[in-house]
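Colleague: For reference, the sequence and a predicted model appear below.
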Amino acid sequence: MAKRIMITDDALFMRVTLKNILTQNGLEVVAEASNGREAVELYEQHKPDLVFMDITMPEMDGLEALKAIRAKDPNAKVVMCTAMGQKQIVVEAIQAGAKDFIVKPFQPERIMEAVQKAA
Amino acid sequence: MKAEYINPFISAAINVFQMMVGVTPEKGQLGARKGIFTSQQCNIVLGVTGQLEGQIIIGMSIFTADKIASKMLGTTIRTFDELAASAIAELGNMISGAALTELASRGIQCNLSPPSLIRGTNVRISTLEIPTLVVPLQTEMGDIEVNVGLSERAK
């Protein structure tokens, strides 16, 4: 199972919530990014096992960041976690290589299910 | 503005409040305004672009915002800090995201801007004369006002 996780979300509340769920389940959060551009940089530095990625973010959105990360590391595991559940966006993310797509609001179990599935 | 555009926001708000705050809001009387503005103290503002364009404002009192943020964070808020502001803003993001997802399933594709939180009184966004529908939602933590000002993009 993925152990070293990176969280990307512009909302501090979501980063704290996700971090609590992950650390309470024995996982390590190695990096936190607040936009897509930061996520691409921090991915290079930390090479996490799994990335949680919001979509609507300033500077660079999560779909662009997903594509940029997967272009550099085709084995990168990215799970989208966003309030926008439109079919068109889900399809675009999965085609770009996202492992899973979680729509907010979510239950903590849904996060852990994604971690196990992505392993 | 068509009433069918506000209904997804009402049902999304009820769902998100149940899941994130643990309360079930009661829907009040629907109202209409000529432009989008708010007389609430704490407002989440989100922009919508795409087939519909305009703005969503979800307003509440500072007292209500404190109570909601305390519930979301699982701890009593002493000062309304960045984390509390982010929790309230994210509530608006989840409600609007779910509503736009519902509109997309009916063939209306829109995008959402990241939320901004504005605290103060009598905030008027005077550049936007978008006919707006307003629905009050009553909760045990205080009233929430959902303002939806969306118009079809000129072709």
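Modeller: Cool, got the structure.
Colleague: residues contacting A:I94?
Modeller: A:F101 (C-beta atoms under 8 Å, 6 or more residues apart in numbering or on different chains). Every residue, glycine included, has its C-beta placed from N, CA and C.
Colleague: Relative to B:L46, how far out is the nearest residue to B:Q18 once chain neighbours are set aside?
Modeller: Spatially, and ignoring its direct neighbours in sequence, B:Q18 is nearest to B:T24 (5.5 Å; C-beta to C-beta, 6 or more residues apart in numbering or on different chains). Distance check for B:T24 against B:L46: by C-beta to C-beta, to the nearest Å, it reads 23 Å.
Colleague: repeat for A:Q45
Modeller: Counting by C-beta to C-beta - A:Q45 and B:L46 are separated by 32 Å.
Colleague: And for A:E41?
Modeller: A:E41 is 27 Å from B:L46, by C-beta to C-beta.
Colleague: The two: which has the busier surroundings?
Modeller: Set A:E41 next to B:L46 and count neighbours by other C-beta atoms under 10 Å in any protein chain shown: B:L46 wins out with 22 against 13.
Colleague: which residues does A:Q86 contact?
Modeller: Contacts of A:Q86 (C-beta under 8 Å, 6+ apart): B:L100, B:T101, B:A104, B:S105, B:Q109.
Colleague: Turn these into JSON lines, columns for distance to A:V51.
Modeller: Below are the contacts of A:Q86 laid out as JSON lines (distance: C-beta to C-beta, whole Å):
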{"residue": "B:L100", "distance to A:V51": "24"}
{"residue": "B:T101", "distance to A:V51": "22"}
{"residue": "B:A104", "distance to A:V51": "25"}
{"residue": "B:S105", "distance to A:V51": "28"}
{"residue": "B:Q109", "distance to A:V51": "26"}
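Colleague: The helix or strand hosting B:I56 packs against which elements?
Modeller: If you go by DSSP states H and E, B:I56 is part of strand B:52-60. Helices and strands in packing contact with strand B:52-60 are listed as strand B:42-50, helix B:82-105, strand B:142-152; criterion 3 or more C-beta pairs under 8 Å, 6 or more residues apart in numbering or on different chains; DSSP states H and E.
Colleague: how about low-confidence regions in the chain?
Modeller: Since no chain was named, I'll use chain A. Low-confidence segments of chain A, defined by pLDDT under 70: A:1.
Colleague: oops, I was thinking of chain B
Modeller: Scanning chain B with the threshold set as pLDDT under 70 gives B:124-128, B:155.
Colleague: show me what contacts the residue of it found nearest chain A?
Modeller: Nearest residue of chain B to chain A: B:G97, at 2.6 Å (C-beta to the nearest C-beta). For B:G97, the contact set (C-beta under 8 Å, 6+ apart) comprises A:T56, A:T82, A:A83, A:M84, A:G85, A:V103, A:K104, B:A12, B:L112.
Colleague: nearest to B:G120, of those?
Modeller: Checking the contacts of B:G97 against B:G120 by C-beta to C-beta gives B:L112 as the nearest, at 23.0 Å.
Colleague: Mind telling me what element A:I111 is part of?
Modeller: helix A:108-118.
Colleague: Nearest the geometric middle of chain B, what residue?
Modeller: B:I58 (2.8 Å; C-alpha atoms, centre = their mean).
Colleague: So it versus B:P25, what's the distance?
Modeller: Counting by C-beta to C-beta, the separation of B:I58 from B:P25 is 11 Å.
Colleague: Write out the residues of chain B neighbouring chain A.
Modeller: Neighbours of chain A within chain B, by C-beta under 8 Å from any C-beta of the partner chain: B:16, B:19-20, B:72-73, B:82-83, B:86-87, B:89-90, B:93-94, B:96-98, B:100-101, B:104-105, B:109, B:111-114.
Colleague: so B:I56 sits right up against B:V45, yeah?
Modeller: Yes - B:I56 sits in contact with B:V45 when judged by C-beta atoms under 8 Å, with a separation of 7.4 Å.
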